[in-house]
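Novice: please find the sequence and the predicted model below.
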Amino acid sequence: MEKLIMSLTDEKGNNVDYELLDIIDYNQKIYTVFYPTIEEDTEILILRVDPSDNPEQSIYAFEEDQKIVNEVFKKFKEKYEGEYIFK
């Protein structure tokens, strides 16, 4: 399966490449699960996909409710149990 690499802009204006691991629907919202392509960074990034005025562009936002982030990550872990090693 081909990896989908996306370049996201961080809060400092730097472009950082992430691999899109999955798209998860939770509570009628869409969340993306990203993994950094930089070897030193191993933290998964979960972002909410918000509507955009431009249908060709998505807006990725941090979910401020940590409980929701934990639930999305739980769904991801259940879906990929046996494929990834989770700590």
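Specialist: Here it is on my side, so go on.
Novice: tell me the strands beside the biggest strand by length in the chain, with direction?
Specialist: Ranked by residue count and defined by DSSP state E, the top strand of the chain is strand 15-26. Strand pairing for strand 15-26, determined by DSSP bridges: strand 5-9 (antiparallel), strand 29-36 (antiparallel).
Novice: so which bits of the helix or strand that the last one is followed by are buried?
Specialist: Read that as strand 29-36. For strand 29-36, the following helix or strand on the C-terminal side (DSSP states H and E) is strand 45-50. The neighbour-count check on strand 45-50 (16 or more other Cβ atoms under 10 Å) flags 45-48 as buried. C-beta coordinates here come from the backbone N, C-alpha and C atoms, glycine included.
Novice: what residues are bridge-paired with the residue nearest the centre of the chain?
Specialist: By Cα atoms, centre = their mean, the chain has its centre lying nearest to Val33, at 2.5 Å. Per DSSP bridges, the residues bridged to Val33 are Asp22, Ile46.
Novice: got the contact list for it?
Specialist: 20-24, 44-46, 72-73, 76 (Cβ atoms under 8 Å, 6 or more residues apart in numbering).
Novice: farthest pair within these?
Specialist: Spatial extent of the contacts of Val33 (Cβ to Cβ) is set by the pair Leu20 and Phe73 at 15.2 Å.
Novice: more crowded one of these two?
Specialist: Phe73 (16 against 13; other Cβ atoms under 10 Å).
Novice: quick one: contacts for the more buried one?
Specialist: Taking Cβ under 8 Å, 6+ apart, one finds 33, 44, 46 in contact with Phe73.
Novice: same check, this time on Glu63
Specialist: Applying Cβ under 8 Å, 6+ apart to Glu63 gives the contacts 31, 46-48, 69, 72.
Novice: repeat that for 6 Å
Specialist: Glu63 makes contact with 48, 69 under the criterion Cβ atoms under 6 Å, 6 or more residues apart in numbering.
Novice: pLDDT score for it?
Specialist: Reported pLDDT at Glu63 in the predicted model: 95.
Novice: ok, the one 3 residues further on next?
Specialist: Model confidence at Gln66, expressed as pLDDT, equals 96.
Novice: with the one 5 residues further on instead?
Specialist: Model confidence at Glu71, expressed as pLDDT, equals 97.
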